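S.K.: A structural model of the following input is requested.
(one chain, ligands or ions: 1)
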Amino acid sequence: MGSKERIARALAVSTDTKVFEMGQGTAAMAPEVFRQCFPGRKAVVVADTNTWAVLGEKVAELFAKAGIPTDTYVIQKQEFHADWKYVEMVDMVVKGDYAAAKAIENDADHQESDASKAFYEPSDSYNVLVSVGSGVINDLCKLSSHHHGQSYLTLPTAASVDGYSSFGASISYRNAKQTFTCPAPVAIIADIDVIAAAPKHMTAAGYADLAAKVPAGAEWIIADFVDSEPIQPEAWHILQDYLDDFLADPAAVAAGDPQAVADLFEGLTLSGFAMQAARSSRPASCCDHLFSHLWDMNGHRYQGRLQSHGYQVAIGTLTMCAVFDELFKLDLTQIDVEACVEAWPSLEQEQSRAREVFADSPTPELGFEMISQKYGDKEQVRKEMTRLKAEWPALKEKLQGQVYTFAKMQELFRMAGAPYEPEHIGVTYAQIKQMFPMVQLMRARYNVLDLAKRGGFYDALVEPLFA
Ligand SMILES: [Zn+2]
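M.R.: Prediction:
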């Protein structure tokens, strides 16, 4: 199946995005697409100083030439993450109050507003956002548009994340990285001339974000196996049927070859469409991403710089591939089901363990809240382990068909120019080991570590990685 067919099939099931144009020079189509999607509306091009130079200014000129009333808002701050403060800033941009937006941008001691009160009555007098930039700008525009009951147009400048087309925005709010529910953009215009010329570290980051769907898919298979989150075929097939192909040529991606970068971007976009179809990030992330979220929450820096989403996800992905290597060494047909049930802690015990694990974190109650949602009782453990014992050979084969070995994934990352050792993002093996209990407990989503806890083989998965 060719790219056009794959995209057409994905668009048919994606609930929010109606237009996806990808190719060399497609930025020229932006004004016409805007007119079709937002007739009679005023545009505001949102960019940072880098993306303004590579594409934003050109887009603003194209809009002006096409006779579309257009303002611009260029974020001057040199380093910014997707923090709630900047959502408030873009909320002001939608309203056309650029002075208020600048005041928020420049306010170092800004007090976060209440996220639940950030919704406004839709109005044709609002600006429609035209996001020109990478993942952060897109996520800010996605959530702010939702706050005002409208959609937006996005022009990605790098194949750095899968968030351009995803349902939801990943924003840091009250010290925690959270996924806010909001629709994907109605239109995505991916100009491969721009995207292939992006800094190489951004493309490498996108490669790693796509590769994360390999272990994430395996964890979805596990959640499906225990009846926690059934695989939704529509969402699964959009990306997983082609994932191996999209990841097959990391050297060409690293070289900035336009076709290879277009393939990578398509893979990332299909991942977002899969999330739209599922109305959840389950198709795109599991423990591989949680390491990254923890580093974000702790403001992790290396050589003075925040590390990109994809760079952090690279190390999370490799870690999970190593976990699966260990899982496949176990013979789970030998599990003593009644011993697992006997040893299984009560909800209260698990809640107090979660409080201890998160005691020194910026979100001390997070683990408590999540384990309260996903805790299963002894009967549940008996059911899951009975099934695991009986069906392990078939499940193992299925998982092995999905996940890559650590050695294979590490070689792919090395060729793609992505991080392939913890030290490449300034973390140590000891730090990663310490993060495991938080990773297990920080989402209500069932993961491979939950399975291991219930089956009494958690230490057998984790300890060998650091021996
Ligand atoms: Zn991601």
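
S.K.: List phi and psi for residue 172.
M.R.: Dihedral angles phi and psi of residue 172 (degrees, to the nearest 10) take the values phi -80, psi 120.

S.K.: Revised request: answer the last question for residue 70.
M.R.: phi -140, psi 130.

S.K.: What is the burial count for residue 466?
M.R.: Residues lying near residue 466 (other Cβ atoms under 10 Å) number 12. (Glycine included, C-beta is placed from N, CA and C.)

S.K.: Is it in contact with residue 433, as I believe?
M.R.: Yes. Between residue 466 and residue 433 there is a contact at 4.7 Å, judged by Cβ atoms under 8 Å.

S.K.: For stretch 358-365, which outside residues touch it?
M.R.: Applying Cβ atoms under 8 Å, 6 or more residues apart in numbering, the contact partners of stretch 358-365 are 175, 176, 297, 298, 355, 366, 367, 368, 438, 441.

S.K.: what residues are up against the second one?
M.R.: Think residue 176. Going by Cβ under 8 Å, 6+ apart, residue 176 touches 297, 362, 363, 366.

S.K.: buried subset of those residues?
M.R.: Among the contacts of residue 176, those classed as buried by 16 or more other Cβ atoms under 10 Å are 297, 363, 366.

S.K.: Is it possible to get TSV of these that adds pLDDT and secondary structure?
M.R.: Putting those into TSV (pLDDT from 0 to 100; DSSP: H, G, I helix; E, B strand; the rest coil) gives the following:
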residue	pLDDT	secondary structure
297	88	helix
363	91	coil
366	95	helix
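
S.K.: how about residue 360, phi and psi?
M.R.: Residue 360 adopts backbone torsions of phi -100, psi 10, taken as degrees, to the nearest 10.

S.K.: For burial, what's the neighbour tally of it?
M.R.: Residue 360, neighbours per other Cβ under 10 Å, totals 7.

S.K.: Tell me the pLDDT of it.
M.R.: Reported pLDDT at residue 360 in the predicted model: 93.

S.K.: can you check residue 12 too?
M.R.: Looking at residue 12, its pLDDT stands at 88.

S.K.: any idea how far it lies from residue 268?
M.R.: Counting by Cβ to Cβ, to the nearest Å, the gap between residue 12 and residue 268 amounts to 19 Å.

S.K.: out of the two, which sits in the more crowded spot?
M.R.: Set residue 12 next to residue 268 and count neighbours by other Cβ under 10 Å: residue 268 wins out with 29 against 11.

S.K.: so the more buried one makes contact with residue 162?
M.R.: Yes. Checked against Cβ under 8 Å, the pair residue 268 and residue 162 is within contact range at 4.2 Å.

S.K.: what do these two both touch?
M.R.: Counting by Cβ under 8 Å, 6+ apart, the contacts common to residue 268 and residue 162 are 206, 209, 210.

S.K.: In strands, which of those residues appear?
M.R.: Here DSSP state E is the test, and these give no hits in strands at all.

S.K.: Distance to residue 347 and pLDDT for those residues - can I get that in CSV?
M.R.: CSV is the format used below for these (distance: Cβ to Cβ, whole Å; pLDDT from 0 to 100):
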residue, distance to residue 347, pLDDT
206, 40, 98
209, 35, 97
210, 37, 98
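
S.K.: Name the member of these with the most neighbours.
M.R.: Counting by other Cβ under 10 Å, top hit in those: residue 209 with 33 neighbours.

S.K.: Look up the pLDDT of residue 390 for me, please.
M.R.: 98.

S.K.: Can I take it that it is in a helix?
M.R.: Yes. Looking at residue 390 with DSSP: H, G, I helix; E, B strand; the rest coil, it is inside a helix.

S.K.: Quick check: nearest residue in space to it, chain neighbours excluded?
M.R.: In space, and not counting its chain neighbours, residue 390 is closest to residue 333: 7.9 Å by Cβ to Cβ, 6 or more residues apart in numbering.

S.K.: and the one you found, which of the three is it?
M.R.: Secondary structure assignment for residue 333 (three-state DSSP): helix.

S.K.: so who does it touch?
M.R.: 389, 390, 392, 393.

S.K.: just those now: which is nearest residue 77?
M.R.: Nearest to residue 77 among the contacts of residue 333 is residue 392, at 51.7 Å by Cβ to Cβ.

S.K.: where exactly do the strands run in the stretch 1-150 of the chain?
M.R.: Ranges of strands within the stretch 1-150 of the chain are 19-23, 43-48, 70-75, 128-133, based on DSSP state E, counting those that start in this stretch.

S.K.: hmm, I was thinking of the stretch 251-400 of the chain
M.R.: Using DSSP E, counting those that start in this stretch, strands in the stretch 251-400 of the chain cover 301-302, 305-306.

S.K.: Rebuild the ones you listed as a markdown table, extending it with mean neighbour count and mean pLDDT.
M.R.: Shown next, in a markdown table, are the strands of the stretch 251-400 of the chain (neighbours: other Cβ atoms under 10 Å; pLDDT from 0 to 100):
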| stretch | mean neighbour count | mean pLDDT |
| --- | --- | --- |
| strand 301-302 | 14 | 96 |
| strand 305-306 | 14 | 90 |
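
S.K.: Which one, of those strands, ends up nearest to residue 263?
M.R.: Of all those, strand 305-306 comes closest under Cβ to Cβ, at 28.1 Å.

S.K.: Name the residues that touch the closest one?
M.R.: Counting by Cβ under 8 Å, 6+ apart, residues outside strand 305-306 touching it are 79, 81, 299, 300.

S.K.: Partner strands of it and their direction?
M.R.: As defined by DSSP bridges, the strand partners of strand 305-306 come to strand 301-302 (antiparallel).

S.K.: How is the chain divided into domains?
M.R.: For the chain, automatic domain parsing gives the domain ranges 3-198, 285-462.

S.K.: Distance to residue 273 for these - can I get that in CSV?
M.R.: CSV is the format used below for the domains of the chain (distance: least, Cβ to Cβ, whole Å):
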stretch, distance to residue 273
domain 3-198, 4
domain 285-462, 15
